[in-house]
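Participant: Sharing a model prediction with you, sequence too.
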Amino acid sequence: MALRAKAKERIDKAPPHSFLIDAFNRRHTYLRLSLTEKCNLRCRYCMPAEGVPVSPSDALLTSEELLRVARLFVREGVTKIRLTGGEPTLRKDLVEIVRGLGQLRAEGLLQLGITTNGLALQRSIDELVDLGLTHYNFSLDTLNPYSFELMTRRPAAGLDKVLNSIARVASFSQTVVKINVVVMRGFNDQEDLKDILNWAKDLPIIVRFIEYMPFDGNKWSRNALVPYRTLLERIEQWFGPAQRLCDGPNDTTKHYKIAGARGSFGFITSMSEHFCGSCNRLRITADGNVKNCLFDGEGELSLKAALRSPASHDDHLKEIIGRAVGRKHARHGGVGSLEDLAKNINRPMVRIGG
């Protein structure tokens with residue numbers, strides 16, 4: 001509790017010129033660090049079937065560079081860090097990175113999490129939990145083996161590995177488990193969702209249904225988008241009236257609960273009802289760019305050269321980050337309609353770090 005109070009005091013007293021406060025007075029206390037551009041799945045909403053060209057290894061931030069950036073952000077008021085990708089468990093130095101980030105709790109870091117597909121997580125779960133990685137978001141769009149192959153373009157045998165990883169992580173008392181389900185009309189918007197909710201009812205987890213978003217190479221169309229209100233009506237037809245729960249001030253999820261369920265479910269409504277006004281998130285891509293918005297393909301600024309300069313100094317890094325934050329638009333990277341978002345030049349999702 002003392003660390004939480006100390007972090008809150010630092011955030012509340014941040015000066016108006018803080019490089020983590022944007023032109024719309026949004027304070028950025030949540031950092032998402034992408035560790036790699038590689039993935040062992042080929043999910044339809046994330047990248048094309050043939051994959052995408054990835055940056056060479058020496059173009060990615062090293063573990064030392066990642067930890068330096070993270071330390072800088074935490075000292076300036078960031079209290080939550082999430083590791084993303086690509087698939088972050090493919091990073092060979094993942095355990096070392098988590099060990100270093102865990103030490104930042106002494107400087108005000110309150111939460112350390114990861115977003116993973118769970119395929120390769122089993123080999124390091126116990127060690128990662130011991131090191132303080134407590135928040136796990138699993139990408140799982142279906143429990144049906146046929147639909148799994150259809151969505152991920154990979155063999156259905158991987159589904160059991162994912163489910164085993166979820167069960168193991170959920171067995172720890174200190175972990176928080178969320179299941180991310182990207183919903184695509186005609187792929188997994190009917191019985192697949194019902195099966196997931198039935199499976200999750202007896203587990204202490206949160207299932208989040210995510211509206212299909214446009215990124216380079218994922219062939220987004222409005223016809224494949226299923227708005228959350230449509231899904232909510234469908235869920236209530238299956239399970240009866242859902243109880244609306246309270247959301248946190250920076251939540252991206254609208255939370256609900258089914259009567260008798262241990263956990264809850266919710267909707268990330270990026271397309272039908274955006275939540276940009278309360279955004280507190282910044283991203284560092286695996287190749288070292290500050291990305292101020294998931295949908296802004298032009299507002300990125302690189303930290304890599306400054307990090308690798310012999311004269312590298314934290315003040316220079318802060319200046320670059322501040323310029324990137326200053327470019328942040330009020331909503332959706334400054335792009336208007338959903339169709340315009342689909343035409344917007346951006347990275348494939350796998351190279352952003354969701």
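Facilitator: Received the coordinates, thanks. Numbering: from 1, shown residues only.

Participant: element containing the nearest residue in space to Phe172 that is not next to it in sequence?
Facilitator: Excluding the flanking residues, the one nearest Phe172 by CB to CB, 6 or more residues apart in numbering is Val129, at 5.3 Å. All C-beta spots, glycine's among them, are computed from the backbone N, C-alpha and C. Element membership of Val129, judged by DSSP states H and E, is helix 125-130.

Participant: what's that helix in contact with?
Facilitator: Defining contact as CB atoms under 8 Å, 6 or more residues apart in numbering, one finds that helix 125-130 is touched by Leu94, Val95, Val98, Ile114, Ser165, Arg168, Val169, Phe172, Gln174, Thr175.

Participant: try it again with 6 Å
Facilitator: Val95, Val98, Arg168, Val169, Phe172 (CB atoms under 6 Å, 6 or more residues apart in numbering).

Participant: Kindly report the same for stretch 99-117.
Facilitator: By CB under 6 Å, 6+ apart, stretch 99-117 touches 4, 7, 41, 67, 70, 74, 79-84, 87-89, 131-133, 135-137, 139.

Participant: picking that back up, and the next helix or strand past the helix holding Val129?
Facilitator: Assigned by DSSP H and E, the successor of helix 125-130 is strand 135-139.

Participant: Sheet partners, orientation included, of that next one?
Facilitator: Its sheet considered, strand 135-139 pairs with strand 111-116 (parallel), strand 176-183 (parallel) by DSSP bridges.

Participant: Quick check: mean pLDDT of it?
Facilitator: For strand 135-139, mean pLDDT rounds to 98.

Participant: now could you export just the CA positions of that strand as PDB?
Facilitator: Only the C-alpha atoms of strand 135-139 are listed here, as PDB (Å, rounded to 0.1, in the frame of the first residue of the first chain):
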ATOM      1  CA  HIS A 135      -1.000 -10.100 -15.000                       C
ATOM      2  CA  TYR A 136      -1.600 -12.400 -18.000                       C
ATOM      3  CA  ASN A 137      -3.700 -11.600 -21.000                       C
ATOM      4  CA  PHE A 138      -4.100 -14.700 -23.200                       C
ATOM      5  CA  SER A 139      -5.100 -14.400 -26.900                       C
END
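
Participant: ok, for Ser124, nearest residue in space, not its chain neighbours?
Facilitator: Using CB to CB, 6+ apart, the closest residue to Ser124 is Val95 (5.9 Å).

Participant: Phe275 too?
Facilitator: The nearest residue in space to Phe275 (CB to CB, 6+ apart) is Thr252, at 5.7 Å.

Participant: quick one: which of the contacts of helix 125-130 is most hemmed in?
Facilitator: Val169 (26 neighbours; other CB atoms under 10 Å).

Participant: thinking again about what came up before, CSV for the strands paired with strand 135-139, including distance to Ala311, mean pLDDT and mean neighbour count?
Facilitator: Shown next, in CSV, are those (distance: least, CB to CB, whole Å; pLDDT from 0 to 100; neighbours: other CB atoms under 10 Å):
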stretch, distance to Ala311, mean pLDDT, mean neighbour count
strand 111-116, 31, 98, 20
strand 176-183, 41, 98, 22
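
Participant: how close does Arg323 get to Arg75?
Facilitator: 19 Å (CB to CB, to the nearest Å).

Participant: now the strands: where do they sit in the stretch 251-354 of the chain?
Facilitator: 253-257, 264-268, 281-284, 289-291, 301-302 (DSSP state E, counting those that start in this stretch).

Participant: Looks to me like Trp238 is in a helix.
Facilitator: Yes: the assignment for Trp238 by DSSP: H, G, I helix; E, B strand; the rest coil puts it in a helix.

Participant: May I have the phi/psi pair for the closest residue to it other than its chain neighbours?
Facilitator: In space, and not counting its chain neighbours, Trp238 is closest to Lys194: 5.4 Å by CB to CB, 6+ apart. Backbone torsions of Lys194, given as degrees, to the nearest 10, read phi -60, psi -40.

Participant: Pretty sure Lys194 sits against Gln237.
Facilitator: No: using CB atoms under 6 Å, Lys194 is not in contact with Gln237; the gap is 9.7 Å.

Participant: The two - which one has more neighbours?
Facilitator: Lys194 (15 against 9).

Participant: how far away is the more buried one from Ile235?
Facilitator: 8 Å.

Participant: follow-up on the earlier one: state the separation between the helix holding Val129 and the centre of the chain it belongs to.
Facilitator: Computed by CA atoms, centre = their mean, to the nearest Å, the chain-centroid distance of helix 125-130 equals 20 Å.

Participant: got it, and stretch 61-77?
Facilitator: On CA atoms, centre = their mean, the centre of stretch 61-77 falls 18 Å from the chain's centre.

Participant: Report the rounded mean pLDDT for that stretch.
Facilitator: Mean predicted confidence for stretch 61-77 is 97.

Participant: Then stretch 326-334?
Facilitator: Stretch 326-334 comes out at a mean pLDDT of 90.

Participant: what comes up buried for that stretch?
Facilitator: Applying a neighbour-count criterion of 16 or more other CB atoms under 10 Å, one finds Arg327, Lys328, His329, Arg331, His332, Gly333, Gly334 buried in stretch 326-334.

Participant: so the fifth one sits right up against Phe295, yeah?
Facilitator: Yep, that's His332 we're talking about. Yes: taking CB under 6 Å as the definition, His332 is a contact partner of Phe295 at 4.9 Å.
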